[in-house]
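In: A structural model of the following input is requested.
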Amino acid sequence: MRTILLTGKDGQIGWELQRTLMPLGRVVAVGKRELELTDRNAVRDMIRESRPDIIVNAAAYTAVDQAERETELALAVNAVAPGVMAEEAVRMGSLLVHYSTDYVFDGAKSEPYVESDQPNPLNAYGRSKLAGEEAIRATEVRHLIFRTSWIYGMRGNNFLRTILRLAGDRDELRVVVDQFGAPTWSRLVAEATAQLLAQWVAPRSEAMYGDIRRTYHLTASGSTSWHGFARTILARGCLLYPDLPIKARRVEAISATEYFAPVRRPGNSRLNCNALQQASGLILPDWDVCLERCLQEMPSPMTGNSQL
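Out: Presented below is the predicted three-dimensional model:
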């Protein structure tokens, strides 16, 4: 039976991957309690002990603002650890699947970014994620790197849960209107990953998929601003759950400069996913369709705001 080593099992994407990867083989899922990614030897030992056919690295340091103060930690998790995984994957003959981000780009382009566009990260987080991509490509490892953006879900710290929580406490919300991207449900990324592995890897021998060394953009279709995302969350949430305790009746649109974020973020986070869809035939649904599906799974205790 094929063995899949999944790191970051407790994260938004990792939690979903534990379920979507199960039909593809024996999943060895580890989180921070089982594997300290800043310990290179621990990473090597975990891979050598589990001897995976596929490594799916869903672990990441994602605290964008804090990364400016913890640059070395962000690099250790987002760059050094993936590099070690790549080195060990070469030794094992394994395939490495890794997730990156729209933050490798500066957001200055007027159109959605394609895979061949020149990266130019604006902050320490983006630089650490780009360094992770480069560390993987510097080896001969078979790999798939998926860049995604604006991840949300019903678990963890993300924009969806933050908006629902704040809207239950405040009469008015102020949300940035001049940054654009594709809100992407964590489950969409996990399901797409499993389908792609099933399509490209599972039916084939090692020799047949030995040339896989590719980077693809993987997000929901369409785009909106953070302001548009927030308004849609509240509109759909109240429609689905009339008793949802929402105080906020107004979502004010503000500029990124008015928000006074300590770290610069891309104004344009839109990623062009045509290459992935053409290569796989995969259909990536629109972001608002995914949002509605996600909201339909809102835990019932959230009507009392206790889970936010």
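
In: what number of residues lie near Tyr259?
Out: If you count neighbours by other CB atoms under 10 Å, Tyr259 ends up with 15. Placement of C-beta: from N, CA and C, glycine included.

In: name the nearest residue to it, ignoring sequence neighbours.
Out: Using CB to CB, 6 or more residues apart in numbering and skipping the chain neighbours, the partner closest in space to Tyr259 is Val176 (5.2 Å).

In: distance check, the one you found against Asn272.
Out: Separation of Val176 from Asn272 (CB to CB, to the nearest Å): 22 Å.

In: those two: who's more crowded?
Out: A direct count of neighbours by other CB under 10 Å for Val176 and Asn272 places Val176 higher, at 21 against 15.

In: just checking, the more buried one touches Glu252?
Out: No. Using CB atoms under 8 Å, Val176 is not in contact with Glu252, being 10.4 Å away.

In: buried stuff in the helix or strand bottoming out on mean pLDDT in the chain?
Out: Using mean pLDDT, DSSP states H and E, the weakest-scoring helix or strand in the chain turns out to be helix 256-259, at a mean of 87. Residues of helix 256-259 classed as buried: Ala256 (neighbour count, 16 or more other CB atoms under 10 Å).

In: do the same with stretch 231-251
Out: Judged by neighbour count using 16+ other CB under 10 Å, the buried positions of stretch 231-251 are Arg231, Thr232, Ile233, Leu234, Arg236, Gly237, Tyr241, Leu244, Ile246, Ala248, Val251.

In: check stretch 80-97 too.
Out: Counting neighbours by 16+ other CB under 10 Å, the buried set in stretch 80-97 is 80-89, 92, 94-97.

In: and the two most separated of these?
Out: Largest separation among the buried residues of stretch 80-97 by CB to CB: Val80 and Leu95, giving 20.3 Å.

In: can you list contacts of the host helix or strand of Gly168?
Out: Using DSSP states H and E, Gly168 sits within helix 159-169. Contacts to helix 159-169, defined as CB atoms under 8 Å, 6 or more residues apart in numbering, come from residues 150, 152-154, 173, 175, 183, 226, 229-230, 233-234, 237, 244-248, 291, 294, 302, 305, 308.

In: and it, what's its mean pLDDT?
Out: Average pLDDT, helix 159-169: 90.

In: can you give me phi and psi for Ile4?
Out: Backbone torsions for Ile4, taken as degrees, to the nearest 10, come to phi -120, psi 120.

In: returning to what we had before: tell me which of the buried residues of stretch 231-251 fall in helices.
Out: Assigned to helices by DSSP state H, the following of the buried residues of stretch 231-251 qualify: Arg231, Thr232, Ile233, Leu234, Arg236, Gly237.

In: so which pair among those residues is furthest apart in space?
Out: Arg231 and Gly237 (10.7 Å).

In: my guess is Gly14 meets Thr20, correct?
Out: No. Using CB under 8 Å, Gly14 is not in contact with Thr20, being 10.7 Å away.

In: so the two - more neighbours on which side?
Out: Each of Gly14 and Thr20 has its neighbours counted (other CB under 10 Å); Gly14 has more, 25 against 20.

In: what's the distance between that one and Leu244?
Out: Taking CB to CB as the measure, Gly14 falls 28 Å from Leu244.

In: buried ones in the helix or strand encompassing Val175?
Out: In this assignment (DSSP H and E), Val175 forms part of strand 172-176. By neighbour count, with 16+ other CB under 10 Å as the criterion, the buried positions of strand 172-176 are Leu173, Arg174, Val175, Val176.

In: contacts for the helix or strand just after that strand, please.
Out: Tracing the chain past strand 172-176, the next element assigned as helix or strand by DSSP H and E is strand 180-181. Contacts to strand 180-181, defined as CB under 8 Å, 6+ apart, come from residues Asp102, Ser149, Trp150, Thr219, Ser223, Thr224, Ser225, Gly267, Asn268, Ser269, Arg270.

In: for the helix or strand following strand 180-181, packing partners?
Out: Sequence order places strand 184-185 as the next helix or strand after strand 180-181, per DSSP H and E. On a contact count with 3 or more CB pairs under 8 Å, 6 or more residues apart in numbering; DSSP states H and E, strand 184-185 meets strand 151-152, helix 287-295.

In: how distant is the first one from the center of its chain?
Out: Spelled out, it's strand 151-152. 7 Å (CA atoms, centre = their mean, to the nearest Å).

In: related to what we said a few turns ago, from the buried residues of strand 172-176, pick the one nearest Pro121.
Out: Nearest to Pro121 among the buried residues of strand 172-176, counting by CB to CB, is Val176 at 19.0 Å.

In: now the closest one, which residues is it bridged with?
Out: Beta-bridge pairing for Val176 (DSSP bridges): Ile254.
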